[in-house]
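Colleague: quick one: sequence and predicted model below, then my questions.
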Amino acid sequence: MLSDSTARDRNIARARLKFLENAELPAAVVPEGILNSWQRSKYLGIGTDEVVVPYQPDYDRDSRLVRAATPVLDRLEQALTGSDASVIVTDRNGWVRDRRVGEKRLSAHLDRVHLAPGFNYAEQFVGTNGIGVALEERRPNVVLGTEHFNERLQSVSCAAAPIRNSVTGRVEGAMNLTCWNGPARPLMAALVQEAVEDIERVMYEFSSAHQRALLEAFQQVTHYGDRPVLCLGQDLVLANTAASARLTGDDHRLLHEAAAEFGHAPRTRREVRLTGGESVMMRCRQVDSPAGAAGYLLELAFTDRPADRPADRPGPGTNSRSRTRFRTRAEGNAAGPWPLPGLAGTDPAWNTVSRTVSRCARDRTPLLLHGETGTGKATLVRAAHALTGASSSPVVVDAATPAVTDAAAPIVLDAAAPVGADAPVTGTANAGYDLPAALRSAPAGPGRALVLRNVDAVAPEDEAAVAGALDAATARGTWVVGTLQRAAGVPESLRRCFLEAAAVPALRHRLTDLPALVDCLLRRIGSGVECAPEVLPTLRRHDWPGNVRELSLALSKAAAARRTYRIELGDLPPSLHSAGSRSLSVWEASERDTLVQALLEADGNKLLAAQRLGISRTTIYRKMRAYGITLPARG
């Protein structure tokens with residue numbers, strides 16, 4: 001008679017084969033998290049019988065993560081001697097940085113599947129595995145035997161958990177425990193979590209004096225009362241619930257700039273107008289550490305109370321106190337990360353639209369998706385459609401730029417589009433294009449998706465026919481999506497074709513996602529490319545009118561111009577060093593770029609830059625103000 005674990009493994013193995021054959025899976029056989037990872041792995045085209053992963057032998061063996069993990073791994077190595085277990089630490093991108101193994105047989109197996117220092121075990125390369133899923137979903141997980149996507153990993157089980165910076169909350173890496181399949185598997189998750197907590201404690205001790213000073217100041221102020229408090233450092237933002245509920249990433253930038261102007265004066269008070277139009281009274285003091293100025297502590301007082309806003313008013317009979325302090329479990333889950341294949345970001349607005357698009361794709365609910373150009377509307381649709389297990393790409397028809405295609409070669413979303421950006425459409429322009437006929441001829445049925453881009457560009461005489469074609473596609477089980485920049489531009493006859501609507505936030509409204517987006521985009525540009533620490537603050541100061549598409553192009557140009565393994569400040573396009581809000585003429589843009597280049601070559605020395613340009617220092621200051629040129633101070 002088979003044991004429960006052996007029977008479960010065989011059921012999972014059979015379900016995996018059915019999944020790979022596009023067959024319907026028995027209900028509740030595969031855990032939801034594992035099935036989601038299988039779907040992402042299949043979408044990414046991961047192999048099932050061979051482990052092919054990138055290798056990077058040259059890496060920092062003295063990084064803060066490695067130094068923090070070493071004493072913990074040393075202790076575990078002694079405890080694991082002679083056992084069939086291994087402990088592994090990776091960085092935030094899945095690169096294995098250290099490995100300790102208890103026995104030679106397991107060590108040889110891990111070498112054969114390249115689970116060794118220098119190799120990358122991110123989900124995008126290996127498919128479902130403990131390390132990859134922990135980093136993709138930002139939470140602990142266990143992958144048992146046959147749950148692995150790749151057959152060569154199915155003789156082992158693994159538990160992994162992300163390692164976080166306890167000051168910033170950022171994921172720094174992952175801790176993984178791997179052992180042969182056996183009865184000890186249920187204990188793995190607890191052992192990994194204990195090791196992660198030990199590493200995080202050591203990392204906190206390694207934290208810079210600036211971060212620790214900011215954290216201590218923040219904790220002292222927030223310990224009493226619940227007024228909004230914000231702590232701002234060069235690359236660190238701490239906010240309590242009262243502040244985070246009402247401030248956006250752009251608000252953080254405005255408040256930081258105001259604090260920098262007046263932070264030298266103790267207990268400075270100033271009124272600041274936020275991006276949403278409301279005003280806040282800010283009391284600011286500079287936070288100092290043994291290493292110098294660490295940042296600013298802001299105590300805020302909003303001019304209106306949260307309950308005065310319509311969205312926050314409690315209904316009749318509602319306890320307003322409990323309403324503001326507690327959320328239901330469903331609301332809490334809705335605010336959490338919602339990873340989709342190839343996308344990055346945990347901003348609440350991004351999470352909301354990602355969940356909505358995923359749900360509509362699963363339920364085949366017609367959806368109207370609006371947002372600025374380059375925000376990622378098309379990529380969201382493609383990722384959500386792929387997550388349903390569909391084998392075909394969405395068919396895209398553009399009402400603004402008619403293109404002719406046929407069912408054998410549909411206009412599809414570009415699989416190489418930048419992460420979070422709107423993918424371009426391929427096709428042949430044709431002045432005699434029949435939009436309703438193109439929609440009617442598109443492949444339809446379950447597992448299909450039809451996207452009508454620029455819904456607001458449909459000609460008035462075509463509205464009725466287009467609406468009929470969309471309704472017919474929906475009736476046949478096709479997932480119908482309409483995209484445009486502004487929802488207000490949709491004619492009523494077409495609006496009724498879509499049962500739900502969702503807004504994709506502009507990049508300037510989700511700047512908290514910038515680090516994750518930069519990491520994700522750089523991985524597409526090439527392995528090993530990274531940004532110098534001073535680059536990210538410069539990227540945050542830009543308004544990004546072209547959204548994620550503009551960010552992708554800027555990073556691509558910077559990566560091509562870089563002289564070392566990482567992107568330096570001088571590699572960025574000159575436009576990113578300017579915060580001017582008005583449109584520039586060709587001549588003005590050329591002058592701005594020349595000024596920025598001269599300042600960068602002079603290492604920020606304005607007098608030297610002015611001499612090289614043949615102008616006075618007064619003129620260069622005036623030009624910098626006019627163009628909004630800002631360069632970080634040099635140490």
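Modeller: Ah, there it is.

Colleague: local confidence estimate at the closest residue to Asn93 other than its chain neighbours?
Modeller: Of all residues not flanking Asn93 in the chain, Ala122 sits nearest, at 6.3 Å (CB to CB, 6 or more residues apart in numbering). All C-beta atoms are positioned from the backbone trio N, CA, C, and that covers glycine. If you check Ala122, the pLDDT there is 92.

Colleague: my guess is Ala122 meets Val133, correct?
Modeller: No - judged on CB atoms under 8 Å, Ala122 makes no contact with Val133 at a distance of 10.0 Å.

Colleague: more neighbours: which of those two?
Modeller: Val133 (28 against 21; other CB atoms under 10 Å).

Colleague: touching, that one and Trp38? I think so.
Modeller: No - between Val133 and Trp38 there is no contact under CB under 8 Å: 10.4 Å.

Colleague: wait, Asp471 touches Leu494, no?
Modeller: No - the criterion here is CB under 8 Å, and Asp471 misses it with Leu494 at 10.4 Å.

Colleague: out of those two, which sits in the more crowded spot?
Modeller: Each of Asp471 and Leu494 has its neighbours counted (other CB under 10 Å); Leu494 has more, 21 against 14.

Colleague: now name the helix or strand holding the more buried one.
Modeller: For Leu494, the host element (DSSP states H and E) is helix 492-495.

Colleague: identify the residues contacting that helix?
Modeller: Helix 492-495 is contacted by residues 368, 455, 458, 463-464, 466-467, 470, 482 when judged by CB atoms under 8 Å, 6 or more residues apart in numbering.

Colleague: which ones among those residues map onto helices?
Modeller: 463-464, 466-467, 470 (DSSP state H).

Colleague: filter these down to the buried ones and hand me the ChimeraX line.
Modeller: This is how ChimeraX selects the buried members of these, with burial counted by 16 or more other CB atoms under 10 Å:
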select :466,467,470
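
Colleague: among the ones in helices among the contacts of helix 492-495, which one sits closest to Leu340?
Modeller: Leu470 (24.2 Å; CB to CB).

Colleague: distance of the closest one from Ala390?
Modeller: 19 Å (CB to CB, to the nearest Å).

Colleague: likewise Arg382?
Modeller: 10 Å.

Colleague: same check, this time on Asn454
Modeller: 23 Å.

Colleague: also Val30?
Modeller: 18 Å.

Colleague: now Asp60
Modeller: 41 Å.

Colleague: more crowded one of the two?
Modeller: The neighbour comparison of Asp60 against Ala390 (other CB under 10 Å) goes to Ala390, with 19 against 10.

Colleague: give the buried residues for the helix or strand harbouring Ala560.
Modeller: Secondary structure from DSSP H and E places Ala560 in helix 547-561. Buried residues in helix 547-561, counted by 16+ other CB under 10 Å: 547-555, 558-559.

Colleague: returning to what we had before: what strands line up against the next helix or strand after the helix holding Leu494, and which way round?
Modeller: Next along the chain after helix 492-495, taking DSSP H and E as the criterion, comes strand 500-503. Looking at strand 500-503 with DSSP bridges, its partner strands are strand 367-370 (parallel).

Colleague: export the partner strand to CSV, keeping only CA atoms.
Modeller: Output of strand 367-370 as CSV, limited to C-alpha atoms (Å, rounded to 0.1, in the frame of the first residue of the first chain):
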residue,chain,number,x,y,z
LEU,A,367,-13.0,44.7,-20.1
LEU,A,368,-12.3,48.3,-21.0
LEU,A,369,-8.7,49.2,-20.0
HIS,A,370,-7.6,52.8,-20.1
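
Colleague: circling back: of all the ones in helices among the contacts of helix 492-495, which comes closest to Gly45?
Modeller: Nearest to Gly45, judged by CB to CB, of the ones in helices among the contacts of helix 492-495 is Leu470 at 31.1 Å.

Colleague: so who does that closest one touch?
Modeller: 366, 439, 450, 452, 480, 482, 494, 497.

Colleague: go again using 10 Å as the cut-off
Modeller: Leu470 makes contact with 366, 436, 439-440, 450, 452, 455, 478, 480-482, 494, 496-498 under the criterion CB atoms under 10 Å, 6 or more residues apart in numbering.

Colleague: cool, Val458 as well?
Modeller: Val458 sits next to 399-400, 435-436, 452, 465-467, 482, 484, 490-491, 493-494 when contact means CB under 10 Å, 6+ apart.

Colleague: so what pLDDT did the nearest residue to His148 once chain neighbours are set aside get?
Modeller: Among residues not flanking His148 along the chain, Gln154 sits closest, at 5.0 Å (CB to CB, 6+ apart). Predicted confidence (pLDDT) for Gln154: 93.

Colleague: pull the number of nearby residues for Gln154.
Modeller: Gln154 has 19 nearby residues by other CB under 10 Å.

Colleague: number of nearby residues for His385?
Modeller: Count around His385 with other CB under 10 Å applied: 25.

Colleague: quick one on the thing from earlier: and which of the contacts of Val458 is nearest Glu216?
Modeller: Nearest member of the contacts of Val458 to Glu216, counting by CB to CB, is Leu484, at 48.6 Å.

Colleague: need the pLDDT of that closest one.
Modeller: Leu484 is assigned 86 on the pLDDT scale.

Colleague: kindly report the same for the one 3 residues further on.
Modeller: Per-residue confidence at Ala487 stands at 67 (pLDDT).

Colleague: spatially nearest residue to Thr275 (excluding sequence neighbours)?
Modeller: Nearest in space to Thr275, with sequence neighbours left out and distances taken as CB to CB, 6+ apart, is Asp250 at 4.4 Å.
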